[in-house]
Each structure stands twice: as structure tokens, then as C-alpha cells.
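Enquirer: need a structure here:
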Amino acid sequence: MKKEKSCGAVVYKIMNNQIYFLIEKMQLGHYSLPKGHVESRESEIETAYREIKEETNLDVIIDSNFRETSYYNPTIDVLKEVVFFVAVVKDGQIKNQEKEVSEILFLTYEDAFSILTYKEDKIILQKANNYLKINFYN
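Expert: Purely as a prediction, here's the structure:
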């Protein structure tokens, strides 16, 4: 079985004392968290920064104390590992990478959870939300 690795983050921002999570509507029609393939000698964090910038045009600050991994089979002969961090928006104007991303949304936890297409992403979002609540917004 072939193995692939991607990295990304649960990206969030605070508005009016509430957390909003970044959700991407992909050109293929599903809703997802920002992530992408590790290139050459990139670290996991370097990949996450690059992918977020490429897909959203946003600059973020990644919190590497949150690191969660999901696994799934995009095809029958491939096992994909995806490492997620949490990242807060620092700067930038949203501009979606039109080749892959058709729309970028900032949603409340409940709305983000309900719109995500895949169970694995929902689990990561839930863990990130709990982490943020415990560590920053208690």
C-alpha cells in the first residue's frame, strides 16, 4: 500500500468574543479543513504554513502544542496520514486558491461541524475546539 502525508491546521479567528473556524469549500464540492501534501524536505509545520497561505492567502500563527493525526484511504491502494495543528489568523486578505478552493467560510463551531463533509475532519475540529476552550477561553 502506498503512503501519503499531508499537513494543515484548524484555522480560527476571534470576533465579538466568539471563535470562528475556517472551512474551505473545495472545487470537488466537499467541505474541508486547509491541508496539503508535504513537499521535499519540509517539516510538518512548514507544510501547514505553506498550504494555508496557498489556499487562503492568510498569514497565521501555528500552535504546535496541538497536534492531531487522522488516517484515511483516498483510494483503495493509498493510506493517507494528515497532521493537523491549530492556527490563529494573524493577517492577510482572504483570497481562495481558485484551482482547488471555491469558497472560504468562517463559521461558528456548530456550523463548521455540521458543514464538514468527512467524519475525520469533524473529529479533528472537535478536538481543536476542546483544546482552545481549555487552553485559551476558559
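Enquirer: Output the below-cut-off pLDDT ranges for the protein.
Expert: 137-138 (pLDDT under 70).
Enquirer: Tell me where it has strands.
Expert: For the chain, the strands defined by DSSP state E occupy 2-15, 18-26, 31-32, 35-37, 59-72, 78-91, 101-107.
Enquirer: Out of those, which gets nearest to residue 116?
Expert: Nearest to residue 116 among the strands of the chain is strand 31-32 (5.3 Å), distances taken as C-beta to C-beta. All C-beta spots, glycine's among them, are computed from the backbone N, C-alpha and C.
Enquirer: Show me what the closest one is packed against.
Expert: In terms of contacts (3 or more C-beta pairs under 8 Å, 6 or more residues apart in numbering; DSSP states H and E), strand 31-32 is packed against strand 18-26.
Enquirer: contacting residues around residue 47?
Expert: Contact analysis of residue 47 by C-beta atoms under 8 Å, 6 or more residues apart in numbering lists 6, 7, 8, 36, 37, 38, 39.
Enquirer: Show the buried residues in the residues you listed.
Expert: For the contacts of residue 47, a burial check counting by 16 or more other C-beta atoms under 10 Å picks out 6, 7, 8, 36, 38.
Enquirer: which one of those residues is nearest residue 89?
Expert: Nearest to residue 89 among the buried ones among the contacts of residue 47 is residue 8, at 14.3 Å by C-beta to C-beta.
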